[in-house]
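Undergrad: return a 3D structure for these sequence lines:
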Amino acid sequence: MRRTWWIAVAVIACMVGGVVGSGIAAPKTKFRVVNGLSNYDIHYVKVSLSTNDSWEDDRLDDDQILSPGESETWNINPGEWDLRCIDEDSDTYTRMRVCIPRGMTVEWRVTLDDLDED
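TA: Numbering: from 1, shown residues only. Next comes the predicted model:
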């Protein structure tokens with residue numbers, strides 16, 4: 001019951017954040033990617049609003065990679081986002097429709113469980 005309550009709060013926060021963010025410059029929240037892959041570097045981190053059909057540019061700097069155990073944090077507008085990481089072998093790891101509520105830090109620890117099927 002308690003978990004259901006927290007999920008409901010997160011969904012409402014995401015919806016409110018998305019509405020506010022679409023009309024007014026809403027305060028940014030944080031989005032963190034942690035490389036939980038024990039043997040692979042992450043070379044690209046891409047995000048896109050769930051309503052978009054294409055991925056935005058890479059969030060990592062041109063010469064930046066995330067080695068296992070490393071992380072990076074960015075400011076992001078609240079809303080519903082699709083997230084993708086690409087490793088050194090061009091394998092992709094994707095999470096779709098992730099709610100990022102206003103004023104919170106959302107962390108994604110990328111693991112082999114997130115590996116996309118071909």
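Undergrad: show me which residues of stretch 53-70 are buried.
TA: 59, 60, 66 (16 or more other Cβ atoms under 10 Å). (Glycine included, C-beta is placed from N, CA and C.)
Undergrad: kindly reformat these as JSON lines containing distance to residue 87.
TA: Rendered in JSON lines, the data for the buried residues of stretch 53-70 read as follows (distance: Cβ to Cβ, whole Å):
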{"residue": "59", "distance to residue 87": "15"}
{"residue": "60", "distance to residue 87": "12"}
{"residue": "66", "distance to residue 87": "9"}
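Undergrad: using JSON lines, lay out these together with pLDDT.
TA: Formatted as JSON lines, the buried residues of stretch 53-70 follow (pLDDT from 0 to 100):
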{"residue": "59", "pLDDT": "96"}
{"residue": "60", "pLDDT": "96"}
{"residue": "66", "pLDDT": "98"}
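Undergrad: contacting residues for the residue nearest to residue 92 when sequence neighbours are not counted?
TA: Closest residue in space to residue 92, ignoring its immediate chain neighbours: residue 116 at 4.6 Å, by Cβ to Cβ, 6 or more residues apart in numbering. Contacts for residue 116 (Cβ atoms under 8 Å, 6 or more residues apart in numbering) come out as 91, 92, 93, 94.
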